[in-house]
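> Turn this into a structure:
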Amino acid sequence: MKVTAIVCCYTLDRLDDIHAAVRSMMHQTLPPFEVVVAVDHNRELLARLRQELPASVRIVLNDGLQGLSETRNVASRAATGDVLAFLDDDAVAEPDWLEHLVRPFEDPNVVAVGGHSIPRWEHGGNPRWLPEELYWIVGCSFKGMPMEGDQIRNPLGCSMALRKTALEQAGMFETYIGGIGQRLKGGEEAELSLRMTRRIPGCRIVYAPRSVIHHKVAAWRTNLKWAFTKSYQEGVCKAKVGKFTRGLAAHPLATESSYLRYLLLQAIPARLLRCYQLDALLQVGTILLSITAAGLGYLKERTAKAPNDREAYA
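Reported below is the predicted structural model:
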């Protein structure tokens, strides 16, 4: 199985991070067949990377519709591997990341695999008010996720692998979903996964927690304002995914419903039993803040009147 390792990027501010991400991909126990770096609408960054990265790295430019989804599509079309492994431009993969991420594809029914993302705090440790159950707020794996080999709805975009033939069969990433720079959009992995599940009978999407990356968490993402904003936008995105995937699945947001029950029935009660600890009370407050913000975002989008779903994503 030939594996194409892919990094998508957009800003010179992350130049050092991009170099670190590419180095980590090139020094794997399972070496990738090729490495592709896709640049989103930044010709200056493109020129720097072509000058500084090894000649073996293929560098392509997304000059079409701006955003992460189309940048991933550009990289996927350029790739010649059987499996496409995506790593965020501000993450570093452990040496056996690719080996564990690709192994589940030995099952011909597996079309996508999600890896495990550990936060790499830019300044100090994790904030005492941020519970592990909410690490998705900083782009990392969170407590309450499935066990190894368990079937999941969709992988985390920061560390995932897709079978290229399945991507071509189901269709590429939806370009009306996904982030543009630091604009808080998302949901493209969930939408694509639901589409794969609908169009490829018997396919499986699984979790590989031994495939580990270390995802950089900038200091500006470690405050309550960010937690509220990210949670609110997540609610908006989930409402949009529900609209966009209507007909693809009976319950497209079943994963979110299960996660909400986990927070209310396990995560919060476990901390209330330790109410004498300040950290426990702070984390209960953060969980409730996140649930409230996500709910507000969800309701706002559900009741919004837009001409059509695609305009809502544009």
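> in the chain, which segments are predicted with low confidence?
The model of the chain has pLDDT under 70 over residues 147-149, 178-179, 181-186, 244-250, 252, 305-314.
> which residues of it fall in helices?
With helices called from DSSP state H, the chain shows them at 15-26, 43-52, 68-78, 97-102, 164-170, 188-199, 224-244, 254-262, 268-272, 278-303, 309-313.
> Let me have the ones you listed in CSV, extended by mean neighbour count.
In this view, the C-beta of every residue, glycine as well, is placed from N, C-alpha and C. Converted to CSV, the helices of the chain look like this (neighbours: other Cβ atoms under 10 Å):
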stretch, mean neighbour count
helix 15-26, 18
helix 43-52, 14
helix 68-78, 23
helix 97-102, 24
helix 164-170, 17
helix 188-199, 22
helix 224-244, 20
helix 254-262, 14
helix 268-272, 15
helix 278-303, 17
helix 309-313, 15
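> would CSV of the ones you listed with distance to residue 108 be doable?
Below are these laid out as CSV (distance: least, Cβ to Cβ, whole Å):
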stretch, distance to residue 108
helix 15-26, 25
helix 43-52, 35
helix 68-78, 20
helix 97-102, 14
helix 164-170, 10
helix 188-199, 14
helix 224-244, 28
helix 254-262, 25
helix 268-272, 40
helix 278-303, 37
helix 309-313, 33
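> between these, which one is nearest to residue 139?
helix 224-244 (9.2 Å; Cβ to Cβ).
> Spit out the contact partners of residue 170.
Neighbour list for residue 170: 111, 192, 195-196, 199-200 [criterion: Cβ atoms under 8 Å, 6 or more residues apart in numbering].
> got it, and residue 97?
With contact set as Cβ under 8 Å, 6+ apart, residue 97 has these partners: 24, 28, 87, 115, 159, 211-213.
> What distance do you get for residue 260 to residue 215?
24 Å (Cβ to Cβ, to the nearest Å).
> what's the burial count for the nearest residue to residue 212 once chain neighbours are set aside?
Closest residue to residue 212 apart from its sequence neighbours, by Cβ to Cβ, 6 or more residues apart in numbering: residue 94 at 4.6 Å. Using other Cβ atoms under 10 Å, residue 94 is surrounded by 19 other residues.
> Just the closest of the contacts of residue 97 to residue 240, please.
Closest to residue 240, out of all of those and judged by Cβ to Cβ, is residue 159, at 23.3 Å.
> Verify the contact between that closest one and residue 87 for me.
Yes. With contact defined as Cβ atoms under 8 Å, residue 159 reaches residue 87; the gap is 6.1 Å.
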